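Participant: Generate a structure from the sequence data that follows.
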Amino acid sequence: MFYVKFLVPVTDKAGQAVRSEAWDRLAGRILDVVGGFQQTRVVAGAWRSDSGQVFHEESREYVMALDSMRQVADFLALVDWAAAAFAQAAMFVEVAGIPEVLAPPG
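Facilitator: Okay, the predicted model is just below:
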């Protein structure tokens, strides 16, 4: 068994708080795909865009335990779904201690 995690910003690109219905959909999707999760904390961070603009944001951290490496593909599909659902160009993920800022495929 090993841990995976990803971060989801708590505000949208306009700075408005993400609606509770969106968090409920995400929780349901995680339960469907992985079977359980911990929403451990809100983390603060910053990142620089390709154009040099610095963005500051707070994100919810979701942590899950996978039983097998075979589940990683399903986890990454979940992250891609979340990126689209929350209008994110990329998502911070960690798989078995290996971090990556992951852009959707394509």
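
Participant: only C-alpha atoms for contact and neighbour calcs from this point on.
Facilitator: Noted.

Participant: And the helices in the chain?
Facilitator: With helices called from DSSP state H, the chain shows them at 20-33, 72-85.

Participant: Make JSON lines out of the ones you listed and add mean neighbour count, mean pLDDT and distance to Tyr3.
Facilitator: Shown next, in JSON lines, are these (neighbours: other Cα atoms under 10 Å; pLDDT from 0 to 100; distance: least, Cα to Cα, whole Å):
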{"stretch": "helix 20-33", "mean neighbour count": "14", "mean pLDDT": "96", "distance to Tyr3": "14"}
{"stretch": "helix 72-85", "mean neighbour count": "17", "mean pLDDT": "95", "distance to Tyr3": "10"}
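
Participant: Find the least confident helix or strand in the protein, judged by mean pLDDT.
Facilitator: Using mean pLDDT, DSSP states H and E, strand 38-48 stands out as the lowest-scoring helix or strand of the chain, at a mean of 91.

Participant: Neighbours of Gly35, how many?
Facilitator: For Gly35, the neighbour count with other Cα atoms under 10 Å is 12.

Participant: where does the residue nearest to Leu26 when sequence neighbours are not counted sit relative to Val93, distance-wise?
Facilitator: Leaving aside its chain neighbours, Leu26 sits nearest to Ala82 (7.1 Å; criterion: Cα to Cα, 6 or more residues apart in numbering). Ala82 is 12 Å from Val93, where distance means Cα to Cα, to the nearest Å.

Participant: next one: Ala14
Facilitator: Applying Cα to Cα to Ala14 and Val93 gives a distance of 23 Å.

Participant: go on, Val72?
Facilitator: 11 Å.

Participant: likewise Gln71?
Facilitator: According to Cα to Cα, Gln71 stands 15 Å off from Val93.

Participant: In terms of neighbours, single out the busier of those two.
Facilitator: A count of neighbours by other Cα under 10 Å puts Val93 above the other of Gln71 and Val93, at 22 against 13.
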